[in-house]
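Peer 1: Just the structure for this:
(one chain, ligands or ions: 2)
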Amino acid sequence: MRVLGIETSCDETGVALFESGRGIVAEALASQTAVHAPFGGVVPELASRDHIAKLGPMVRHVLAEAAVRPEELDAIAYTAGPGLIGALMVGGAYAAAMAYALGIPAVPVHHMEGHLLASRLEAEPPAFPFLALLVSGGHTQLVDVEGLGRYRIVGETLDDAAGEAFDKVARLLSLPYPGGPALAALAESGDPARFAFPRPLRGQGLDFSFSGLKTAVRLAIDAERAAGRLSDPMRADIAASFEAAVVETLADKCRHAVASIGRERLVVAGGVGANRKLRQTLEALGREQGFDVYYPRPALCTDNGAMIAHAGACRAAAARREAAPGIVARPRWSLEELEPPAEPVRPVREAVTEAR
Ligand code: KG4
Ligand code: ZN
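Peer 2: Ligands and ions are numbered 1, 2, ... in the order given. Sure thing, here's the model as predicted:
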C-alpha cells in the first residue's frame, strides 16, 4: 500500500510517501521559521498562505523523488487536527481534491496519533501496549496505549504545554524564535544547579503544570537584570536550571505512570522529545527502573509528513473511498475520541518481513 501524507497543522509543511514493506520512501519538509520570526510566534493567516504556496510543489517533488505516479497511490492521509483551522483546511482541501480526482480514499489523521506512532517507523519499533509521553508545543500528555486507536489519557498539563514553556522562557531570555531548540542549545553551557526552580506538582498524581515554573524563571530574570548581573553565562545558567526543572518533572511523572499502570515500555514523542537532556534522563531512568525507552530520531519528533503518511497507512486499510470526500478539520480533538480501525492492522515490521 502506498500512502501520501500531508502535514499542515501549524508552521511546518510536511509531505512524505509511505509504502508498506519499505517504510518512508521520500519526504520533504518546509519550515516557516523565517515567515514568523519577525513576529516572535506563529501568525495563523501567514501560516495558511505559506502552506498554500509550498504544498503543490512539495507533493510533486516527493512523488518525483519516489518515482511514483499519482495513479499509483492507494490513499492520501492528511492532518485533520488538532491545529490551526486555516492551516488544517489547506492540507485537508488539497488531500480531498487529489483523492477525489484519483478515486482513492482521503484519510483524516489525528496529529498526536501521528506523533504517538512515529517511533514505530524506526528499526526497533515498540510493541503495544506502551505508555507514551507526548510533549509538543500544544500538548503535554501521558497516554496509556493498548493498541492502535485505543488511547487513555492518564495525565496532562493543567495550563502550559512543556514546549510552550520552553518557547515562553526562551522569549524572556531574548532568544530567537523558535525558542525551544535555542534554549536547549544555550542550556548546554549553563549550570543546571545554579537556580532551584520549582518542580511543579511533584509527587501529586500524573498531571503537569508549567505556568508557575515560567513565572519563577521570569522573577529570577528580573532580579538578575535589576542587579546588573544578566550576563551571557548567567542566561545560560538560567536556561540550564529551567531545562533541568522541566526534564526532572517529566521524568518523575513518567516513573510514576510506568509503575502505577504497569507498562514495560515508554515511548517519547512530540517536538520536546528532540531534547537531548530529556532523552538521556529518560534512558537512564528506564535502565534504573527496568523499562525500555523508545523515541524516534529528532527529525521524527518535531512535525513532519512521514508520521502522517505512516499513521494514515495504519488506518488506510479500513478507510473507504467516498463519492465526494469531505474535509475534516478539527482544531480541538482529543486522542480519546479515536477508535481502533475496523480491520486489524499489522505492525510495520511484520509487513516488511512479508514483503521480502
Ligand atoms: O511537535 P512539534 O514540532 O509541534 C507541535 O505539534 O506543537 O513541537 C514543537 C515544540 C515547540 O514548542 C519547540 O520549542 C519544542 O517542541 N522543541 C524543543 C526542542 N525542539 C523542539 N523543546 C526543547 N528542546 C528541543 N530540542
Ligand atoms: Zn506536533
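Peer 1: and the residue of the stretch 51-200 of the chain found nearest ligand 2, what is it in contact with?
Peer 2: At 4.3 Å from ligand 2, residue 136 is the closest residue in the stretch 51-200 of the chain, using Cβ to the ion. (Each C-beta comes from the backbone N, C-alpha and C, glycine too.) Shown in contact with residue 136 (Cβ atoms under 8 Å, 6 or more residues apart in numbering): 112, 115, 161-163, 270-272.
Peer 1: List, out of the residues you listed, those positioned next to ligand 1.
Peer 2: Contacts with ligand 1 within these, counted by Cβ under 6 Å from any ligand atom: 163, 270-272.
Peer 1: Now tabulate those in a markdown table and tack on pLDDT, secondary structure and neighbour count.
Peer 2: Listed next are the ones next to ligand 1 among the contacts of residue 136 as a markdown table, based on pLDDT from 0 to 100; DSSP: H, G, I helix; E, B strand; the rest coil; neighbours: other Cβ atoms under 10 Å:
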| residue | pLDDT | secondary structure | neighbour count |
| --- | --- | --- | --- |
| 163 | 97 | helix | 26 |
| 270 | 96 | coil | 29 |
| 271 | 96 | helix | 26 |
| 272 | 98 | helix | 28 |
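Peer 1: Which one of the residues in the stretch 251-356 of the chain is closest to ligand 1?
Peer 2: When you check the stretch 251-356 of the chain against ligand 1 by Cβ to the nearest ligand atom, the closest residue turns out to be residue 271, at 2.1 Å.
Peer 1: coming back round to it: got the contact list for the residue nearest to the residue of the stretch 51-200 of the chain closest to ligand 2 when sequence neighbours are not counted?
Peer 2: Once flanking residues are discounted, residue 136 sits nearest to residue 270: 3.5 Å by Cβ to Cβ, 6 or more residues apart in numbering. When contacts are counted by Cβ under 8 Å, 6+ apart, residue 270 touches 112, 115, 134-136, 139, 163, 301.
Peer 1: Report the separation between residue 270 and ligand 2.
Peer 2: For residue 270, the distance to ligand 2 (Cβ to the ion, to the nearest Å) stands at 6 Å.
Peer 1: Phi first, then psi, for that residue.
Peer 2: Main-chain torsions, residue 270, degrees, to the nearest 10: phi 100, psi 160.
Peer 1: same question, residue 312
Peer 2: phi -60, psi -40.
Peer 1: Where do the helices of the stretch 1-150 of the chain begin and end?
Peer 2: 33-36, 44-66, 85-102, 111-117 (DSSP state H, counting those that start in this stretch).
Peer 1: just the angle between the third one and helix 44-66, please?
Peer 2: It refers to helix 85-102. Interaxial angle, helix 85-102 versus helix 44-66 (axes from the mean of the first three to the mean of the last three Cα atoms, to 10 degrees): 30 degrees.
Peer 1: Secondary structure of residue 151: a helix, I assume?
Peer 2: No: Residue 151 sits outside any helix when classified using DSSP: H, G, I helix; E, B strand; the rest coil, being strand.
Peer 1: what bridges to it?
Peer 2: residue 145 (DSSP bridges).
Peer 1: Can you give me the neighbour number for it?
Peer 2: By other Cβ atoms under 10 Å, 25 other residues sit near residue 151.
Peer 1: again, but for residue 67
Peer 2: 9.
Peer 1: Quick check: it vs ligand 1, distance?
Peer 2: 29 Å (Cβ to the nearest ligand atom, to the nearest Å).
Peer 1: Let the chain start at 8 from now.
Peer 2: Let's use 8 as the start, then, which means that last one is residue 74.
Peer 1: Give me the phi and psi for that residue.
Peer 2: phi 50, psi 50.
Peer 1: Next one: it from residue 32, what distance?
Peer 2: 9 Å (Cβ to Cβ, to the nearest Å).
Peer 1: Measure how buried the residue lying closest to residue 145 once chain neighbours are set aside is and give me the count.
Peer 2: Once flanking residues are discounted, residue 145 sits nearest to residue 168: 5.5 Å by Cβ to Cβ, 6+ apart. Neighbour count of residue 168, defined by other Cβ under 10 Å: 23.
Peer 1: pretty sure residue 168 is touching residue 218, no?
Peer 2: No: using Cβ atoms under 8 Å, residue 168 makes no contact with residue 218, being 10.4 Å away.
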